[in-house]
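Chemist: Need coordinates for the following:
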Amino acid sequence: MQISQSQLNDLDRDGFLILRDLFSVDEVAAVRSRLPRLFAENHPGNVIEKESGAVRTSMGLHLRDALFAKLVRHPRLVGPALQVLGEDGYVQQVKVNVKAAFSGEVWQWHYDFATHKEEDGVPRPLALNLHIFLDDVTEFNGPLYFVPGSHKYGEHGSVLDDETTSYPLWIADNQTVSQLADRNGLVSATGRRGTVLIFHDTLLHGSPNNMSPWDRSIFSLIVNPVSNALRKPTRPDFKHHRDLSPIRLLNDDCLVADAVA
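Modeler: This is a model prediction of the structure:
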C-alpha cells in the first residue's frame, strides 16, 4: 500500500497522519482474540499498572504469537512507513498499549526518540510509530494527544521519569510542551477500531487517564531504518529488538486468509 502525495505532505507538516478504517472489523477481531492469552502470560514484556494491577502494555508480541508475526509484515500497516523511509526498515518494537476502563493510567508528555537515543543508541530520529486502534478511541477513553508540528523542532529536553507510572519513560519538560502547544495547539487522535496512526520520532505526544467505562487498546509497531539501527543496546530484546532483518511484506489478506494456531 502507498499513501498519496497529499498524505505525505500532511505527515511532513503535522508529524502524524490518521488513516481511518484501514483494517476491517474481522481483522481487528482476529488481533483482539489473541490478547487475553498474551496478557495472562508470566512474561517480562507484560507491564502492570501501579494501582489496578491491569496490563498497561504487552511487548514483544510478534515473538510470542503467530498472528502478530504476520501483523508486523502487513502491507497496509508497514507499506506506508517504508514509503516514507525510502529504505529497508526493521521491527524495532512491538506492543499493545492498554488503558483499562476506569483505571487506565496516564502516558506522560514525551517523544519516542529520547528513549531510542538514550537507552538504545539510535543515531537519528528516523523511526516511525505505527498504531492500529483495537477499540473505538474517543475523547473520553484516553486518546493520544499530539502537539502538531512539534517534530520540526528537533530534539526536545527530556528526563527519565521512573516514578509516575510502572513504566519508566523519558519525558518532555512542561515548559517545552507549553511553548509548543501555545504555538501549534493540541490534537486528539480519535477514530473507530481499525484506524491507523503514523507519527514521527520527535513528535510530542501523551495520553490522559481513562476515566470512562470503555477500554482503549492500541497496537504499536515501531519501524526503524536498518541503516539507523541501535548502537549501544541497554534494554532487553522485547523493548528494542536485535533482529535487524529488513521487513518483507506479506499478502494483504494475511490476517484472515488462513486460520492461525
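
Chemist: in this structure, what secondary structure element scores lowest on mean pLDDT?
Modeler: The weakest-scoring helix or strand in the chain, judged by mean pLDDT, DSSP states H and E, is strand 158-161 (a mean of 88).

Chemist: What is the following helix or strand past it packed up against?
Modeler: Under the assignment DSSP states H and E, the closest C-terminal helix or strand after strand 158-161 is strand 169-172. Counting contacts by 3 or more Cβ pairs under 8 Å, 6 or more residues apart in numbering; DSSP states H and E, strand 169-172 packs against strand 107-110, helix 112-120, strand 158-161. (Each C-beta comes from the backbone N, C-alpha and C, glycine too.)

Chemist: tell me the SS of D10?
Modeler: What DSSP: H, G, I helix; E, B strand; the rest coil gives for D10 is helix.

Chemist: thought it was touching L19?
Modeler: No: the criterion here is Cβ atoms under 8 Å, and D10 misses it with L19 at 10.6 Å.

Chemist: higher neighbour count, these two?
Modeler: With other Cβ atoms under 10 Å as the criterion, D10 and L19 differ in neighbour count, and L19 comes out ahead with 21 against 16.

Chemist: Could you verify my assumption that the more buried one touches R192?
Modeler: No: using Cβ under 8 Å, L19 is not in contact with R192; the gap is 11.7 Å.

Chemist: ok, the spatially most central residue of the chain - contacts?
Modeler: Most central in the chain under Cα atoms, centre = their mean is S220, positioned 3.3 Å from the mean C-alpha point. Contacts here follow Cβ atoms under 8 Å, 6 or more residues apart in numbering; on that basis S220 touches Q93, V94, K95, V96, N97, N129, L130, H131.

Chemist: Kindly recompute the last result at 6 Å.
Modeler: K95, H131 (Cβ atoms under 6 Å, 6 or more residues apart in numbering).

Chemist: Check for me that H131 belongs to a helix.
Modeler: No: read with three-state DSSP, H131 is strand and lies in no helix.

Chemist: Beta-bridge partners for the nearest residue to it once chain neighbours are set aside, please?
Modeler: Excluding the flanking residues, the one nearest H131 by Cβ to Cβ, 6 or more residues apart in numbering is L197, at 4.0 Å. Listed by DSSP bridges, the beta-bridge partners for L197 are I18, H131.

Chemist: The least confident helix or strand of the chain pairs with which strands, parallel or anti?
Modeler: If you go by DSSP bridges, strand 158-161 pairs up with strand 169-172 (antiparallel).

Chemist: Could you tell me the average pLDDT over the strand it pairs with, please?
Modeler: For strand 169-172, the mean per-residue pLDDT is 90.

Chemist: residue ranges for the helices of this structure, please.
Modeler: 5-14, 25-32, 35-40, 66-71, 75-85, 112-120, 174-184 (DSSP state H).

Chemist: Deepest-packed of the ones you listed, please.
Modeler: Each of the helices of the chain was scored by mean neighbour count; the highest is helix 112-120, a mean of 21, by mean count of other Cβ atoms under 10 Å.

Chemist: and that one, C-alpha only, in CSV?
Modeler: Taking C-alpha atoms only, helix 112-120 is exported to CSV below (Å, rounded to 0.1, in the frame of the first residue of the first chain):
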residue,chain,number,x,y,z
ASP,A,112,10.0,8.4,21.3
PHE,A,113,13.5,9.4,20.1
ALA,A,114,14.5,10.4,23.6
THR,A,115,14.3,6.7,24.7
HIS,A,116,15.7,5.4,21.4
LYS,A,117,18.8,7.7,21.7
GLU,A,118,19.4,7.5,25.5
GLU,A,119,18.8,3.8,26.0
ASP,A,120,19.4,2.2,22.6
